[in-house]
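Student: based on what follows, work out the 3D shape:
(4 chains)
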There are 4 protein chains.
Amino acid sequence: MRKTEVAVLGATGMIGQRFIQLLEKHPYFEISSLHASERSEGKKLGDVLKLKDYVFRSETLDMVIEQIDPKRISKTCEMAFSGLPSDIAKDYESSLASAGVPVFSNAASHRMRTDVPVLIPEVNAPHLDIIRTQPTYSDGGFIVTNPNCSATGLAIPLKAIDDEYGLEMVVVTTFQAVSGAGYPGVPSLDILGNVVPYIKNEEEKMEIEILKMLGRLEGGKIVPAEFAMLANCARVPVVDGHLESVTMTLREEPTLEELRRCLSGFRADPQRLRLPIAPRVPIIVRSEENRPQPLMDVNAGQPERARGMAVTVGRLRKTGRFYKMFILSHNTIRGGAGGSVSNAELAHSKRLLK
Amino acid sequence: MRKTEVAVLGATGMIGQRFIQLLEKHPYFEISSLHASERSEGKKLGDVLKLKDYVFRSETLDMVIEQIDPKRISKTCEMAFSGLPSDIAKDYESSLASAGVPVFSNAASHRMRTDVPVLIPEVNAPHLDIIRTQPTYSDGGFIVTNPNCSATGLAIPLKAIDDEYGLEMVVVTTFQAVSGAGYPGVPSLDILGNVVPYIKNEEEKMEIEILKMLGRLEGGKIVPAEFAMLANCARVPVVDGHLESVTMTLREEPTLEELRRCLSGFRADPQRLRLPIAPRVPIIVRSEENRPQPLMDVNAGQPERARGMAVTVGRLRKTGRFYKMFILSHNTIRGGAGGSVSNAELAHSKRLLK
Amino acid sequence: MRKTEVAVLGATGMIGQRFIQLLEKHPYFEISSLHASERSEGKKLGDVLKLKDYVFRSETLDMVIEQIDPKRISKTCEMAFSGLPSDIAKDYESSLASAGVPVFSNAASHRMRTDVPVLIPEVNAPHLDIIRTQPTYSDGGFIVTNPNCSATGLAIPLKAIDDEYGLEMVVVTTFQAVSGAGYPGVPSLDILGNVVPYIKNEEEKMEIEILKMLGRLEGGKIVPAEFAMLANCARVPVVDGHLESVTMTLREEPTLEELRRCLSGFRADPQRLRLPIAPRVPIIVRSEENRPQPLMDVNAGQPERARGMAVTVGRLRKTGRFYKMFILSHNTIRGGAGGSVSNAELAHSKRLLK
Amino acid sequence: MRKTEVAVLGATGMIGQRFIQLLEKHPYFEISSLHASERSEGKKLGDVLKLKDYVFRSETLDMVIEQIDPKRISKTCEMAFSGLPSDIAKDYESSLASAGVPVFSNAASHRMRTDVPVLIPEVNAPHLDIIRTQPTYSDGGFIVTNPNCSATGLAIPLKAIDDEYGLEMVVVTTFQAVSGAGYPGVPSLDILGNVVPYIKNEEEKMEIEILKMLGRLEGGKIVPAEFAMLANCARVPVVDGHLESVTMTLREEPTLEELRRCLSGFRADPQRLRLPIAPRVPIIVRSEENRPQPLMDVNAGQPERARGMAVTVGRLRKTGRFYKMFILSHNTIRGGAGGSVSNAELAHSKRLLK
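Tutor: Numbering: from 1, shown residues only, chains lettered A, B, ... in the order given. As a prediction, this is how the structure comes out:
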């Protein structure tokens, strides 16, 4: 099968480099070019390496970074993955869509548009349809976003629970890894031996995106879910892996064993379609008393290709009507580049790519 | 004024050494002897130093550690502070009380007894009265405990809020420092670059102790408070200072400004009595967008003597009927040794000590 | 080929579990049983998991840990790998050798015996011969040790340099990872945001073992090398990977380019014999200005099976007659379990195993 | 006594704020104005707080930051302390000196000028005299620099040893704290759980500055010392406090006890002159087997005013002709702002200030 030629935008950043990692051996997509801001033009990927836990192929390390010229990209690539910072993502992504290029973006810039899906194939695959209402769609261009890293890990188990038992209230507190802030990101002086209980706009994004994703499609529009959704976000001295503490009330009152089975048995479109990056088991429920932990569970996901794509849930507890759990997901894979690769795989399977 | 001669139990541990720090220049109390398990008998404090951020006087460093012999202690000391581990605290503390010694303890062993107060002078000073129902009280011996370190920092702002607006539901997630586990405590291999979402019995203690402390005294008995109290506890790679994320609903609906004033204006018995270790302002409300932080706020508290005794609250927010805030307190001072010193000061002011 | 049945001693510790990791798919050796102290008898490996960065097969996790009974082991196993703590290793390893079992040990207990090699196949393969002088050798039992973790990473580049240019003086300062102290090992309170410039006996071991390994075999005895060898050892808050700063003078005065080629071109017996765990390139010389780094280079080594077995050298500099470099190696793989597996592979290739 | 009015340059940075901390209650100097780059003009110190372990007075927090206008500063201030980054320090400091202002600088820009002393009053007080050869001196303006943070902690014990026993060779490896890189400085992604064995130009600065400071004044010029000086520099995940591992050979061969007495008995001009910030004991020699450690010894120095100004030496060892020791000093106090304050105090005592 001929592979789709893709451009990676933001190739000097954490998310951009996770895209490159995930695309190095992808069965559908092939990296055609790497792009970043002018400052990095002409440098090789090997000169601006940010990932410390992955070894790129030498030919990938030798790829030269180009400027972001939407017109030129539209001629040489069939699709784009964007790991651009939000402030510059907005215009570039719009231009690419206008030029007929499907864009799968990790940036927040377009997430709140009514015609742009905030997509997790395991959660709201039908929302992908609203791209048809984008003005550029008729020419083949459109924008699909993945949610914020902290919202992704939460949305998947919440979807499983909401479908079965109906969410009433969700209170979440996050323990977010520093890689979520990109590079250079968080100064070491601020986080060594410390916790910073503030991440700009993060709580708002989490609350809104969760409700949008768990909303229903009505007449081509997304009607947000209506349960009480309360987020508290903090940064911790962890490299990769967002841990989240969740306390909930539900409309029904399952036993813990029922809840456990509901989570571990959850399967969705990516599993049924056997999409390449989809984990066979999207929610791994652990029974140890002290899991999930970032160092132990961040790379959960089978097969090998889906490493970092599973969400791990543990410490399921029930106190009166309240349910409690901890969840963990890889913030730059499941909650970043892997999320958009998954979105592109879904679009590919639905024949929405040229 | 002659000072009360006190014994410090657990002098080789974190809490025991915080007791010694706080008592080195105390106006009411004077350290008479240091005690720990047999293993440390005969060693000098300087040989078993655990605190890294405090420099003891050289004469204190030269004090020799003795075994814990309740009978002997009852002859040479008038009072005891206990920083013993819970498993061995139970019997020693009971023996001391039986021998007529008032014991102010940080251990959990006796906290659930109906005749033992879990005391924070700012929160439930009247509960101190129930010591009169202890069988040893007539001979001058009794046990007063301070709550778990994670419960202390939370109880003080909750008390201020409950009094004014009535608590309905409190959901808390903790970010607990490693010093809370004592020494050697948490292995570095478990916590470097990691978060462990489990601390044995901690959530249970937090929930029960908070409700007991905010309960009311009826006919000499404590009737626990009845709001929904949900705790989620995790360990983070921070040395000192427990941060807590709190989401609440109240019976009334104050504005954020009212809530802020309620917290920052809160004063209680220790402030009115001008007890030595009491912070002038027990709850410091910060308006910066990213406070409180362990590294910046752990030692909050004025005057100098009350360093580490104030609780810092920040990021007050309101979403619908829900209120959110982050709180921080020093887990081995306010939530440990300082708590019991404060309890002893209250008892002293009420003339309950010999 | 039938695989040799091996026992792993110390299966509850860091090194023991690295042995199990490396042996899960080994072409020569097969784990027959896991052993540890009485306390862990009957537990499954999954109950005492220490490694956070490796996922064992489920059948391995279900293996039940047995006591260490040398007689029984001698009946059911053909060979043993020992990751025991030094204090208890001595007698058990002697008993196993007496019972006819070849023992490949990471413990320090027997390293200083004149008839026991401290072996790194890349450095001193001929030293293996001295096992013939062990009293138990005639019955098939013997002990081979791998050096201390901090000595291993240093010995390999020093061997390459000494052979070509002759070492005169080596001054080394180590930055050692906490996994080197085993589990629970270093308390987090001691190392979070700190450096501890002391590791018991480490400097002595490093100096003596390096000189023994670089010594020559004369009449069946090892005559230690005679250059000046000075070690300074410190613990840093890093999980895996010992970094070492080396300053040297040599008998000859190569250019930096010559030195670089000498190191990167170094090959030895394990490479020539294509032993399974041997890295194709045992010394990787990096030219970036800021390498090697623990997070980036700890797992160096190709092919996949040799991950963590290569030593990375970087920042080669020359000031007057002095040469400087930084080196990095995986302390529990190259400097621990992998070292002994490599020793066993060499013994296997020399037909010294039954 | 009227205090000298001083300007603090670089008030938004780590070093600048350490200057402010040390000057808040200084007996000779009084902060007249705070200065930083245009970007921060008009902000209050409280808005750009970097120090996490010091609480400024509220009136200090309210001081408004001004631009750096050398002419204006020369009219309103009598002296300047500069914590500017090296790239912009050069011109500003020259302009200030030309405008008649004595400048005490932490920046590297002018350190290599033959007419500018790199000064530590304990080490090379006589070098201060060379300011008389600066072209601006006749008008009252001149520049005095303190050395690099890593050179300072080393120079003081080396001075004591060189005077008594004559240095032949010094090999040093540093473990440098992240605060040495200023703010934002080292990205957390680069240093969490890692060591970076490279700090730009640091080794060169260390080697050259040490030799310049330990050089002798001949005919108004400094002739550098001539022993072999080899530096290896690395960054570790520590907030404050540079630890250094030192291996030396000397011209004489003292016993360890003699060396210890030489270090702990060392006194110099600042001690004899009782300068305010001078520690009574400039070199503290510890006998514990595991000291100095950053967390425990970074703030060494008596009296209170001299906290962070003492250098701690420990683990004195001798192997053959080689001497080994670890040293620790506070990199932004002794090795930064405190160094320049000490220089200004010396100049003040020698009546070199207007």
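
Student: hey, where'd the strands end up in the stretch 101-250 of chain A?
Tutor: Residue ranges of the strands in the stretch 101-250 of chain A, as given by DSSP state E, counting those that start in this stretch, are A:102-105, A:142-145, A:167-176, A:216-218, A:221-223, A:228-235, A:242-250.

Student: burial count for the residue nearest to residue A:98 when sequence neighbours are not counted?
Tutor: The spatially closest residue to residue A:98, leaving aside those adjacent along the chain, is residue A:136, at 5.3 Å (C-beta to C-beta, 6 or more residues apart in numbering or on different chains). In short, each C-beta sits where N, CA and C put it, glycine included. The burial count assigned to residue A:136 is 21, neighbours taken as other C-beta atoms under 10 Å in any protein chain shown.

Student: where does the record place the domain boundaries for chain A?
Tutor: Domain assignment for chain A by automatic domain parsing gives A:4-148+A:337-349, A:149-330.

Student: how far does stretch A:159-176 sit from the chain's center?
Tutor: If you compare the mean C-alpha spot of stretch A:159-176 with that of the full chain, they lie 17 Å apart, counting by C-alpha atoms, centre = their mean, to the nearest Å.

Student: do that stretch and chain D meet?
Tutor: No: counting by C-beta under 8 Å from any C-beta of the partner chain, chain D has no neighbours in stretch A:159-176; the shortest distance is 12.1 Å.

Student: and that stretch, what's buried?
Tutor: A:159-162, A:164-165, A:167, A:169-176 (16 or more other C-beta atoms under 10 Å in any protein chain shown).

Student: and residue A:248, what does it touch?
Tutor: Applying C-beta atoms under 8 Å, 6 or more residues apart in numbering or on different chains to residue A:248 gives the contacts A:161, A:167-171, A:322-324.

Student: what would those look like in CSV with pLDDT and distance to residue C:295?
Tutor: Written out in CSV, the entries for those read as follows (pLDDT from 0 to 100; distance: C-beta to C-beta, whole Å):
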residue, pLDDT, distance to residue C:295
A:161, 98, 36
A:167, 98, 39
A:168, 98, 43
A:169, 98, 40
A:170, 98, 35
A:171, 98, 34
A:322, 98, 39
A:323, 98, 37
A:324, 98, 33
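
Student: quick one: which of those residues is nearest to chain D?
Tutor: For chain D, the closest of these turns out to be residue A:171, at 27.7 Å, with distances computed as C-beta to the nearest C-beta.

Student: is it true that that closest one touches residue A:230?
Tutor: Yes: counting by C-beta atoms under 8 Å, residue A:171 sits close enough to residue A:230 to count as a contact (4.7 Å).

Student: give the residues shared as contacts by these two.
Tutor: With contacts defined as C-beta under 8 Å, 6+ apart, the residues adjacent to both residue A:171 and residue A:230 are B:247, B:322.

Student: related to what we said a few turns ago, just send the domains of chain A back as a markdown table, with distance to residue C:81 too.
Tutor: Compiled in a markdown table, the domains of chain A are given as follows (distance: least, C-beta to C-beta, whole Å):
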| stretch | distance to residue C:81 |
| --- | --- |
| domain A:4-148+A:337-349 | 28 |
| domain A:149-330 | 24 |
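
Student: and those: which comes nearest residue C:125?
Tutor: domain A:4-148+A:337-349 (29.2 Å; C-beta to C-beta).

Student: how far out from the middle of the chain is the closest one?
Tutor: Between the mean C-alpha position of domain A:4-148+A:337-349 and that of its chain there is a distance of 12 Å (C-alpha atoms, centre = their mean).

Student: quick one: low-confidence parts of chain A?
Tutor: Scanning chain A with the threshold set as pLDDT under 70 gives A:354.

Student: send me whichever helix in it runs longest as CSV with only the CA atoms.
Tutor: Among the elements of chain A assigned as helix by DSSP state H, the one spanning the most residues is helix A:149-165. Below are the C-alpha coordinates for helix A:149-165, written out as CSV (Å, rounded to 0.1, in the frame of the first residue of the first chain):
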residue,chain,number,x,y,z
CYS,A,149,-3.1,16.2,27.4
SER,A,150,-4.8,16.2,30.8
ALA,A,151,-8.3,15.9,29.3
THR,A,152,-7.4,12.9,27.1
GLY,A,153,-6.5,10.5,29.9
LEU,A,154,-9.6,11.4,31.8
ALA,A,155,-12.1,11.3,28.8
ILE,A,156,-11.5,7.6,28.0
PRO,A,157,-12.5,6.1,31.4
LEU,A,158,-15.2,8.7,31.8
LYS,A,159,-16.7,7.7,28.5
ALA,A,160,-16.8,4.0,29.6
ILE,A,161,-18.5,5.0,32.9
ASP,A,162,-20.9,7.5,31.4
ASP,A,163,-22.2,5.1,28.9
GLU,A,164,-23.0,2.5,31.6
TYR,A,165,-23.8,4.4,34.7
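
Student: show me what from chain A comes close to chain B.
Tutor: Proximity of chain A to chain B is confined to A:171, A:173, A:175, A:193-198, A:203, A:207, A:228, A:230, A:232, A:234, A:236-239, A:243, A:245, A:247, A:289-295, A:314-315, A:317, A:319-320, A:322, A:324, A:326 under the rule C-beta under 8 Å from any C-beta.

Student: now do 6 Å
Tutor: For chain A, the contact set with chain B under C-beta under 6 Å from any C-beta of the partner chain comprises A:171, A:173, A:175, A:193-198, A:230, A:232, A:236-239, A:243, A:245, A:247, A:289-290, A:293-295, A:319, A:322, A:324, A:326.

Student: hang on, the earlier thing: dump the strands of the stretch 101-250 of chain A into TSV; add distance to residue A:66 as well.
Tutor: Compiled in TSV, those are given as follows (distance: least, C-beta to C-beta, whole Å):
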stretch	distance to residue A:66
strand A:102-105	17
strand A:142-145	21
strand A:167-176	32
strand A:216-218	38
strand A:221-223	35
strand A:228-235	33
strand A:242-250	32
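
Student: comparing the ones you listed, which comes out most buried?
Tutor: The highest mean neighbour count among the strands of the stretch 101-250 of chain A belongs to strand A:102-105 (a mean of 30), with neighbours defined as mean count of other C-beta atoms under 10 Å in any protein chain shown.

Student: so which of the strands of the stretch 101-250 of chain A gets nearest residue D:8?
Tutor: strand A:228-235 (30.6 Å).

Student: report all helices and strands that that closest one contacts.
Tutor: Contact here means 3 or more C-beta pairs under 6 Å, 6 or more residues apart in numbering or on different chains; DSSP states H and E; on that basis strand A:228-235 packs against strand A:167-176, helix A:202-213.

Student: in TSV, list those along with distance to residue C:53.
Tutor: Formatted as TSV, the helices and strands packed on strand A:228-235 follow (distance: least, C-beta to C-beta, whole Å):
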stretch	distance to residue C:53
strand A:167-176	19
helix A:202-213	28
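
Student: what's the closest of these to residue A:265?
Tutor: Across these (criterion: C-beta to C-beta), the nearest stretch is strand A:167-176, sitting at 18.1 Å.

Student: of the residues of chain A next to chain B, buried ones?
Tutor: Restricting those to buried positions leaves A:171, A:173, A:175, A:193-198, A:230, A:232, A:236-239, A:243, A:245, A:247, A:290, A:293-295, A:322, A:324, A:326, with burial counted as 16+ other C-beta under 10 Å.

Student: picking that back up, so which of the buried residues of stretch A:159-176 comes closest to chain C?
Tutor: residue A:175 (16.4 Å).

Student: and the closest one, bridged to which residues?
Tutor: residue A:234, residue A:243 (DSSP bridges).

Student: tell me the contacts of it?
Tutor: For residue A:175, the set of contacting residues under the criterion of C-beta atoms under 6 Å, 6 or more residues apart in numbering or on different chains consists of A:236, A:243, B:195.
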